[in-house]
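Undergrad: fold the following and give me the result.
(one chain, ligands or ions: 1)
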Amino acid sequence: MIDLNGKRALVTGGSRGIGAAIALALAENGADVAFTYQRSAEKAEAVARSIESAGRRAVVIQADSADPEAIARSVSEAVAALGGLDILVNSAAIGLSGTIADIDVNEYQTLMDINVRAPVLFAKAVIPHLAEGGRIISIGSGLGERVPFPGVTAYAMSKAALTSFTRGLSRELGPNGVTVNLVQPGSTDTDANPADGASAEFQRSLTSLGRFGEPHEVASAVVFLASPTASVITGAILTAGGGALA
Ligand code: NDP
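TA: Numbers count the residues shown, from 1 in each chain. Presented below is the predicted three-dimensional model:
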């Protein structure tokens, strides 16, 4: 039984795709939800309306995850609007394709700022607000564990970093009764990786189920880990990828 009534969540990158599904699923299970976005203001407002239709409070925060000041402001705004925070979900991320031989150093740095530094800075800012029962959940990728084709090395590196982040932070926050976990989606049908995209058929061939996941299927794993039901699970890596790592 999932019950998030009274919980207050902050989701990064909640305007589209997996982050939007997570924000809505948390609300449908009882949480009030603040979420960040970067560019998609209209889509962010639509997600907020869906959260409110579920009877929960929605707080929309425009903030670039590459900007440390924007991260600190996001957490302050979420805490002020919701009266505190119980759950942080790090979902915002960007991709970067191309080989290491051809990589642009500035694009590499931006990737690492958004995909690695931002989850660290969000956690750093949220930790002082988390009481016993608090949750930090990050969205990694199956590519963080296994890289079955070339051209995604830097992105895979950025997601692999979240494994150590999750395990180490679970050690640091365990004494406070706060759990820290990682959900690794596999190919999931979003703007970033559409199920009818150029490499979709190849990606399907890597899975056991023979299909892409849907954002709400990844969100279900996050909702479970966010709930009191998952109270003893911490430092865990949960793959939600249709068997791509099987
Ligand atoms: P999308 O590109 O569809 O959505 C990305 C979301 O992150 C948007 O809400 C976007 O906001 C936000 N975002 C991007 N950059 C920033 C930024 N600099 N600051 C703030 N917000 C930002 O991605 P997905 O839904 O596909 O991916 C979500 C997560 O799942 C990511 O961590 C991704 O790495 C991971 N993942 C996805 C897989 C897939 O197959 N889809 C597979 C494995 C992992 P805005 O709309 O305003 O730009």
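
Undergrad: give me the pLDDT for the residue nearest to Pro185 when sequence neighbours are not counted.
TA: Distances taken as C-beta to C-beta, 6 or more residues apart in numbering put Val218 closest to Pro185, at 4.7 Å, once the chain neighbours are dropped. C-beta coordinates here come from the backbone N, C-alpha and C atoms, glycine included. Taken from the predicted model, the pLDDT recorded for Val218 is 98.

Undergrad: which stretch of helix or strand covers Val59?
TA: Using DSSP states H and E, the element containing Val59 is strand 58-62.

Undergrad: now do that strand: everything it contacts.
TA: Contacts with strand 58-62, where a contact means C-beta atoms under 8 Å, 6 or more residues apart in numbering, come from 23, 27, 32-38, 41, 44-45, 47-49, 51-52, 73-74, 77-78, 81-82.

Undergrad: ok, it: who's next to it in the sheet?
TA: The strands beside strand 58-62 in its sheet (DSSP bridges) come out as strand 32-37 (parallel).

Undergrad: is the ligand contacted by the strand it pairs with?
TA: Yes: Strand 32-37 is in contact with the ligand by C-beta under 6 Å from any ligand atom, via Thr36, Tyr37.

Undergrad: pull out the buried positions in that strand.
TA: Asp32, Val33, Ala34, Phe35, Thr36, Tyr37 (16 or more other C-beta atoms under 10 Å).

Undergrad: what is whichever helix or strand comes after that strand packed up against?
TA: Of the helices and strands lying after strand 32-37 in sequence (DSSP H and E), the nearest is helix 41-53. Here helix 41-53 touches helix 17-28, strand 32-37, strand 58-62, going by 3 or more C-beta pairs under 8 Å, 6 or more residues apart in numbering; DSSP states H and E.

Undergrad: reformat those as TSV; add mean pLDDT.
TA: Converted to TSV, the helices and strands packed on helix 41-53 look like this (pLDDT from 0 to 100):
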stretch	mean pLDDT
helix 17-28	98
strand 32-37	99
strand 58-62	98
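
Undergrad: just say which of those is most tucked in.
TA: Taking mean count of other C-beta atoms under 10 Å as the contact definition, the stretch among the helices and strands packed on helix 41-53 with the greatest mean neighbour count is strand 32-37, which reaches a mean of 29.

Undergrad: endpoint to endpoint, stretch 177-190 covers what distance?
TA: For stretch 177-190, the first and last residues are 34 Å from each other (C-alpha to C-alpha, to the nearest Å).

Undergrad: report whether it contacts the ligand.
TA: Yes: under the criterion of C-beta under 6 Å from any ligand atom, the ligand is reached by stretch 177-190 at Pro185, Ser187, Thr188, Thr190.

Undergrad: give me the residue from this structure nearest the ligand.
TA: The minimum distance from the chain to the ligand, using C-beta to the nearest ligand atom, falls at Gly17 (2.2 Å).

Undergrad: which residues touch the nearest residue to that residue once chain neighbours are set aside?
TA: For Gly17, the nearest residue in space outside its immediate sequence neighbours is Thr190; the separation is 3.5 Å by C-beta to C-beta, 6+ apart. Shown in contact with Thr190 (C-beta under 8 Å, 6+ apart): Arg16, Gly17, Ile18, Pro215.

Undergrad: and this protein, which of its residues are near the ligand?
TA: Of all the residues in the chain, those lying near the ligand are 13-19, 36-40, 64-66, 91-94, 114, 139, 141, 185, 187-188, 190-193, going by C-beta under 6 Å from any ligand atom.

Undergrad: next up, the contacts around the residue sitting nearest the centre point of the chain.
TA: Centroid check for the chain by C-alpha atoms, centre = their mean gives Ser91 as the closest residue, at 2.1 Å. Neighbour list for Ser91: Val11, Thr12, Gly13, Gly14, Ile18, Gly19, Ile22, Ser138, Ile139 [criterion: C-beta under 8 Å, 6+ apart].
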